[in-house]
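Enquirer: Please find the sequence and the predicted model below.
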Amino acid sequence: MRRFEVRYIILLLFAFLGHFVSAQTSSKNSFDLKDGDRVVFLGNSIFENEFQYGYLELALTTRFADKGITFRNLGWTGDNVWGEARSTYTNPPTPYEHLIEDITKTKPTVVFLGYGGVEAQEGQAGVAHFKEGLNKLLDKIEELGAKTVLLSTIPVVSTDTSQHIDNRNADLELYSKAISDVATQRGKLFIDIYNPILNTSKKEAIVENTVHLNELGYYYLATILEKALGLDAAKATTAITISGKKAEASNARIVANDNETALVKFTVENQYLPLPSPQSASWIVDNARIVRISGLKKGYYTLTSENNEVASASAKEWEKGVDIKQGPQFNQSAEIRNMILKKNELHFFQYRPLNQTYIIGFRRYEQGRHVKGLEEQNLLIKWLEGQIILNSEPKEVVYELRKLE
């Protein structure tokens with residue numbers, strides 16, 4: 001082979017590898033939300049159960065706090081890509097038509113898709129049928145002009161050896177691969193949550209009833225998605241150096257101290273609000289700010305904000321760095337989460353009323369007049385959405401440091 005031919009092949013190879021690496025990088029960091037986007041969570045219990053916790057929506061809301069993003073949760077326990085769990089009243093509509101109606105009404109621009117867990121019960125024999133349904137559903141979502149993020153299945157977790165979870169998990173992994181294959185073929189973003197959840201479940205109790213995430217599980221799932229979407233950020237660190245009556249700050253701003261008992265007063269600006277930790281594990285704060293304060297004399301010192309204690313530690317501990325795990329930013333985040341939960345509950349009972357057969361089903365001729373009442377709930381839902389958007393941007397936090405006597 002001639003030398004120039006070898007060089008030409010090598011150049012082509014490098015070009016291909018460069019394109020491949022670039023594609024891999026861009027696919028991981030290409031996720032973004034724009035002003036006015038409507039995000040829909042669509043799938044089985046992985047999303048329906050989340051509406052009582054709100055972590056996924058809170059994470060995306062706070063990471064895109066400068067955008068007017070709204071959310072709808074269409075998760076349905078036991079559902080599959082054919083919408084068969086939605087057969088709540090006689091035809092028409094068919095369960096699949098019911099599924100498509102639910103999606104269409106939300107007018108999505110971004111859809112997080114979480115299927116495969118129910119279908120995996122069919123094992124290898126059902127993979128082709130599952131792929132067919134998944135592709136058909138993706139076709140419809142594309143027709144609506146929305147982009148899709150596909151999630152893998154989640155594992156079954158149990159210490160009961162009689163449940164034969166290894167076989168069950170082998171099928172779940174098989175269907176995760178099927179989802180990944182479809183995502184690759186169609187150029188969709190795929191996120192593996194199976195392995196992170198499996199690994200975390202070995203250290204923390206995040207799964208209940210072998211197949212459902214608990215509150216702590218959804219907290220972890222939110223952080224998993226953040227990292228997979230390229231939204232995670234390293235802990236912010238603030239460094240304060242005190243020398244006599246003077247103080248210098250890094251990643252903070254020293255302000256005039258009008259309190260004689262305070263050694264230093266400073267403000268910080270957070271990039272985004274933190275996720276409030278589950279009550280079952282309040283010590284978990286992955287995005288806590290670290291505050292380091294040097295130049296303190298031996299003793300104990302407390303950091304306050306809005307006259308409330310935020311953290312207390314010894315001079316040596318402050319010099320090493322203390323995690324800020326509570327304070328105004330956490331209170332603000334908790335308030336937004338509460339509004340998200342109220343909004344999601346209103347929406348849940350709006351599109352899935354307890355007596356839907358009589359209001360929107362085949363017997364709506366009896367109580368169909370109540371549809372107007374369901375539609376009027378949009379006023380409350382939109383008001384809550386407005387409050388969530390208006391209050392999701394982080395506010396400046398003012399801290400004061402005092403010595404404990």
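Expert: Done, it's in. Numbers count the residues shown, from 1 in each chain.

Enquirer: quick one, helices of the chain?
Expert: Taking DSSP state H as the criterion, the chain contains helices spanning 3-29, 45-48, 55-63, 95-106, 127-143, 165-186, 194-201, 215-228, 315-320, 328-351, 356-359, 364-367, 371-391.

Enquirer: any chance of the ones you listed in JSON lines, plus distance to E306 and mean neighbour count?
Expert: C-beta here means a position set from N, CA and C on the backbone, and glycine is covered the same way. Putting the helices of the chain into JSON lines (distance: least, CB to CB, whole Å; neighbours: other CB atoms under 10 Å) gives the following:
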{"stretch": "helix 3-29", "distance to E306": "37", "mean neighbour count": "10"}
{"stretch": "helix 45-48", "distance to E306": "36", "mean neighbour count": "22"}
{"stretch": "helix 55-63", "distance to E306": "20", "mean neighbour count": "25"}
{"stretch": "helix 95-106", "distance to E306": "39", "mean neighbour count": "18"}
{"stretch": "helix 127-143", "distance to E306": "45", "mean neighbour count": "16"}
{"stretch": "helix 165-186", "distance to E306": "46", "mean neighbour count": "18"}
{"stretch": "helix 194-201", "distance to E306": "34", "mean neighbour count": "18"}
{"stretch": "helix 215-228", "distance to E306": "26", "mean neighbour count": "21"}
{"stretch": "helix 315-320", "distance to E306": "20", "mean neighbour count": "15"}
{"stretch": "helix 328-351", "distance to E306": "6", "mean neighbour count": "18"}
{"stretch": "helix 356-359", "distance to E306": "46", "mean neighbour count": "17"}
{"stretch": "helix 364-367", "distance to E306": "50", "mean neighbour count": "13"}
{"stretch": "helix 371-391", "distance to E306": "16", "mean neighbour count": "14"}
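
Enquirer: Make TSV out of those helices and add mean pLDDT.
Expert: Formatted as TSV, the helices of the chain follow (pLDDT from 0 to 100):
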stretch	mean pLDDT
helix 3-29	39
helix 45-48	96
helix 55-63	95
helix 95-106	93
helix 127-143	98
helix 165-186	96
helix 194-201	95
helix 215-228	93
helix 315-320	96
helix 328-351	92
helix 356-359	51
helix 364-367	46
helix 371-391	82
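
Enquirer: So for the chain, the centremost residue is which one?
Expert: Central residue check for the chain by CA atoms, centre = their mean: the C-alpha nearest the mean position is that of L56, 2.6 Å away.

Enquirer: so that one makes contact with Y220?
Expert: No - with contact defined as CB atoms under 8 Å, L56 does not count as touching Y220 (11.1 Å).

Enquirer: Spatially nearest residue to G145, not counting backbone neighbours?
Expert: T109 (7.0 Å; CB to CB, 6 or more residues apart in numbering).

Enquirer: Quick one: residues contacting that neighbour.
Expert: By CB atoms under 8 Å, 6 or more residues apart in numbering, the residues touching T109 are G36, D37, R38, V39, G145, A146, K147.

Enquirer: Neighbour-wise, give me the winner out of these.
Expert: V39 (23 neighbours; other CB atoms under 10 Å).

Enquirer: bridging residues for that residue?
Expert: Beta-bridge pairing of V39 under DSSP bridges involves F71, V110.

Enquirer: quick revisit: dump the residue contacts of the residue nearest to the centre of the chain.
Expert: L56 sits next to F41, E50, F112, Y218, L221, A222, L225 when contact means CB under 8 Å, 6+ apart.
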